[in-house]
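Enquirer: any chance you could fold what I've pasted below:
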Amino acid sequence: MSDDREVRRAKILKRTEEATVGAEIFKVLRQRIENSPTLKQTIASPDFKGGDYNEERKVLVTVNNLGLSEGVLVGIATFLVLRRGPQLVVRLFSSRSSRGGGGGGGGYQLDRSG
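Expert: Next up, the predicted model:
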């Protein structure tokens, strides 16, 4: 019983150490990105703020959003069909079988006379 507790404690300690190391890595990366001279130059550049860049950005937004609304609608429709389709098929077949048409008895009967 105490071995299980020690193993659990060791796992928890290892996870906390990994989380701490991960947090430190992200902190260092964030600082390097914020202090990057290249990034600061790009943002401070006059070409970045206005001029031809605005027109280029408008064109890029238009190209990127070209099929976005249609794609979202198709995605939602696909989700609904795949989610609700099997239930509708089961209801359709169960309603047909309960009406008696096309079921086990069939529509054609053999002549039993003679």
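Enquirer: helix or strand right after the helix or strand residue 53 falls within?
Expert: Here residue 53 sits within helix 52-64, counting by DSSP states H and E. Next in sequence after helix 52-64, counting helices and strands by DSSP H and E, comes helix 68-99.
Enquirer: can you point out the buried residues in that following helix?
Expert: When burial is assessed from 16 or more other Cβ atoms under 10 Å, helix 68-99 yields no buried residues. Where you see a C-beta, it was placed from the backbone N, CA and C, and this is true even at glycine.
Enquirer: for it, what is the distance to the chain centroid?
Expert: 20 Å (Cα atoms, centre = their mean, to the nearest Å).
Enquirer: specify the local secondary structure of residue 112.
Expert: coil (DSSP: H, G, I helix; E, B strand; the rest coil).
Enquirer: that one: neighbour count?
Expert: 5 (other Cβ atoms under 10 Å).
Enquirer: and it, backbone torsions?
Expert: Main-chain dihedrals, residue 112, degrees, to the nearest 10: phi -90, psi 0.
Enquirer: check contacts around it.
Expert: Listed by Cβ atoms under 8 Å, 6 or more residues apart in numbering, the contact set of residue 112 is empty.
Enquirer: can you check residue 4 too?
Expert: Per Cβ under 8 Å, 6+ apart, neighbours of residue 4: none.
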